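A.B. asks: no letters, just coordinates:
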């Protein structure tokens, strides 16, 4: 929960805007400012104070305890010009909150954390438990001193500007080792603990068993990703509470799924109880991996039979491939999620001209693998190969990566040995439609006229189907120097079913500095004025030119006198 505190009417107005935008995330604290701030500090994970930073510093200073547990505090000035991350930039999430508040209120986020200021990832912001001398190693990264990466597990991390050797080190391991001097240990979520339990098994017994198994195997509790069990035990209180105290989810599988998993220690008891010869080992191994701790039973001080079993598996390290749509070109149409994935990547793969668009958003040390036009399949193979090495890879494309872009060839190469994340983007059709007016207000289709990968016979059949169905059509790749007859042919097919006065929108370089657009008609469009940087949108029989804007009604019943009068 985010506590909101203000002192003046201007601050209250900005506060109320935030509260209205985030009703589920925020709580307004009224009354004297000091009392309100102290209450919010005790009750909330984060605070936004619409006060001077000096006033907040004086009020919050006596309340500060530890940076790992203090709430993040953001200050917004009286004029709403700045959102200042004041306390808990990383641990309290104040840096990211300042950016969110700034975006919502139109304020400039002010982040002074050293790593954020120079584009380096904070070692405590990677989403992994971290131990050791974070300050010293972070300072070494900032100063450009050699910092070695000791990755016992190939885990996808952002670019860290690390080397093969150095006096400082970042170790990635799930083993129970203490950080050495000038070393940070990152705990990847590599361990799955399978758990079986009798009805009513105490949480303490389950927890003691799990922690003992990890300790005896020399494994870190910080690397436990989940507790896994059979679905019949999904709500077993002892398992649920143990998972909550470990801070991990409970993942369940059906008895049939677990019965199909080959395990070294099957038993008749769980087969009779829940329908599978193994729960702990089978649940831990359900998605593959290396069995580090075979099934073991809990030990009870009262001498009664054990009520819990567990097994520990190290799951295979999986690289991460984010397929990112950059939108049509304008920076403000690049989504926040796309920006986050670009900054999370250690390897970027893309067309050289697209790389140039976002190069400034990458973290220092990001490996860039760029190539020219016509190498789509090669880029897809490269991105997948890098992900299979355990890297965090971003494969970029224009518009939406799944629309005539890189997602299809990449996913055709990828198998389930890597994690794949799709990041949507604003397509050229949508960007052009926003410029033209509302041409896509009803059913619509996008068709590429490039026959480099699709036979023209297939393209023509699709154009004819759209024409006969009276669907608005947006043509991608409409015309190039080597392909100058496809667009006239497609327009002629549409003309068999639509009047010459049907509106047609032509947009070139949508959202870019040299953007141009015009509204014409099916009978007047000169295909020679169209090139590969253009999208052409042809209306249906209901589309109209209204005040110079291309409008397709949401339904044919909307074609009333107002539309007819506007013609």
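C.D. replies: Perfect, I can see it now. Fair warning: this is a prediction, and the values are worked out from it, not measured in the lab. Numbering: from 1, shown residues only.
A.B. asks: alpha carbons only for contacts and neighbour counts from here, please
C.D. replies: OK.
A.B. asks: can you pull the buried residues of stretch 263-283?
C.D. replies: Buried residues in stretch 263-283, defined by neighbour count with 16 or more other CA atoms under 10 Å: 263, 266, 270, 274-283.
A.B. asks: cool, and stretch 155-172?
C.D. replies: Within stretch 155-172, the residues that count as buried by 16+ other CA under 10 Å are 155-162, 168-172.
A.B. asks: what's the mean pLDDT across that stretch?
C.D. replies: The pLDDT scores in stretch 155-172 average 82.
A.B. asks: who touches it?
C.D. replies: 120-121, 126, 137, 140-141, 145-153, 182-188, 317-320, 343-347, 363-367, 390-392 (CA atoms under 8 Å, 6 or more residues apart in numbering).
A.B. asks: and if you look at stretch 267-277?
C.D. replies: Contacts of stretch 267-277 (CA under 8 Å, 6+ apart): 230, 232, 255-256, 258-259, 266, 278-279.
A.B. asks: can you do 6 Å?
C.D. replies: 255, 259, 266 (CA atoms under 6 Å, 6 or more residues apart in numbering).
A.B. asks: same question for stretch 530-542.
C.D. replies: With contacts defined as CA under 6 Å, 6+ apart, stretch 530-542 is touched by 470-477, 479-480, 503-509.
A.B. asks: re earlier: what is the nearest of the buried residues of stretch 263-283 to residue 238?
C.D. replies: residue 280 (14.6 Å; CA to CA).
A.B. asks: looking at it, the closest one is touching residue 312, isn't it?
C.D. replies: No. Taking CA atoms under 6 Å as the definition, residue 280 is not a contact partner of residue 312, at 8.4 Å.
A.B. asks: of the contacts of stretch 155-172, select the buried ones using a PyMOL command.
C.D. replies: In PyMOL, a selection of the buried entries from those looks like this (16+ other CA under 10 Å):
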select buried, resi 120+121+137+140+141+145+146+147+148+149+150+153+182+183+184+185+186+187+188+317+318+319+320+343+344+345+346+347+363+364+366+390+391+392
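A.B. asks: how about the helices in the stretch 101-250 of the chain?
C.D. replies: Remark: helices assigned in the stretch 101-250 of the chain by DSSP state H, counting those that start in this stretch are 114-117, 134-143, 203-216, 237-246.
A.B. asks: ugh, wrong one, the stretch 401-550 of the chain
C.D. replies: Here the stretch 401-550 of the chain has its helices, by DSSP H, counting those that start in this stretch, at 407-413, 428-436, 456-468, 486-495.
A.B. asks: looking at the ones you listed, which one is packed in the most?
C.D. replies: Of all these, helix 428-436 has the most neighbours on average by mean count of other CA atoms under 10 Å, namely a mean of 22.
A.B. asks: so for it, mean pLDDT?
C.D. replies: 95.
A.B. asks: same thing with stretch 377-390?
C.D. replies: 92.
A.B. asks: show me the shaky parts of the stretch 251-400 of the chain.
C.D. replies: Along the stretch 251-400 of the chain, the parts satisfying pLDDT under 70 run over 301-303.
A.B. asks: repeat the analysis, applying 50 as the threshold.
C.D. replies: Along the stretch 251-400 of the chain, no part satisfies pLDDT under 50.
A.B. asks: residue boundaries of the helices in it?
C.D. replies: Under DSSP H, counting those that start in this stretch, the stretch 251-400 of the chain gives helices at 255-259, 268-274, 280-285, 336-344, 352-358, 376-388.
A.B. asks: which stretch among those helices comes nearest residue 65?
C.D. replies: helix 336-344 (30.3 Å).
A.B. asks: residues touching that closest one, excluding its own?
C.D. replies: 158, 362-363.
A.B. asks: contacts only, for residue 509.
C.D. replies: 515, 533.
A.B. asks: for it, give its distance to residue 407.
C.D. replies: As for residue 509, its distance to residue 407 is 22 Å (criterion: CA to CA, to the nearest Å).
A.B. asks: residue 135 - how many residues pack around it?
C.D. replies: 15 (other CA atoms under 10 Å).
A.B. asks: state the pLDDT value of it.
C.D. replies: Confidence score, pLDDT, at residue 135: 81.
A.B. asks: ok, now how distant is it from residue 142?
C.D. replies: For residue 135, the distance to residue 142 - CA to CA - is 10 Å.
A.B. asks: list the buried residues in stretch 350-363.
C.D. replies: 350-351, 354-355, 358, 362-363.
A.B. asks: switch the helices of the stretch 401-550 of the chain over to JSON lines; also include distance to residue 376.
C.D. replies: Formatted as JSON lines, the helices of the stretch 401-550 of the chain follow (distance: least, CA to CA, whole Å):
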{"stretch": "helix 407-413", "distance to residue 376": "8"}
{"stretch": "helix 428-436", "distance to residue 376": "19"}
{"stretch": "helix 456-468", "distance to residue 376": "21"}
{"stretch": "helix 486-495", "distance to residue 376": "23"}
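A.B. asks: name the nearest residue to residue 220, sequence neighbours excluded.
C.D. replies: Leaving aside its sequence neighbours, residue 220 sits nearest to residue 176 (CA to CA, 6 or more residues apart in numbering; 4.6 Å).
A.B. asks: what sits against the one you found?
C.D. replies: The contact partners of residue 176, taken as CA under 6 Å, 6+ apart, are 218-220.
A.B. asks: can you select the buried ones from the residues you listed in ChimeraX?
C.D. replies: Selecting only the buried entries of the contacts of residue 176 in ChimeraX, with 16+ other CA under 10 Å as the criterion:
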select :219,220
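A.B. asks: so where is the stretch 451-567 of the chain shaky, pLDDT-wise?
C.D. replies: Using pLDDT under 50, the stretch 451-567 of the chain drops low at 561-567.
A.B. asks: quick one, strands of it?
C.D. replies: With strands called from DSSP state E, counting those that start in this stretch, the stretch 451-567 of the chain shows them at 472-476, 503-508, 516-521, 534-538, 544-546, 549-551.
A.B. asks: mean pLDDT lowest where, among the helices of the stretch 101-250 of the chain?
C.D. replies: helix 114-117 (a mean of 57).
A.B. asks: count residues in the vicinity of residue 256, would you?
C.D. replies: Neighbours of residue 256 (other CA under 10 Å): 12.
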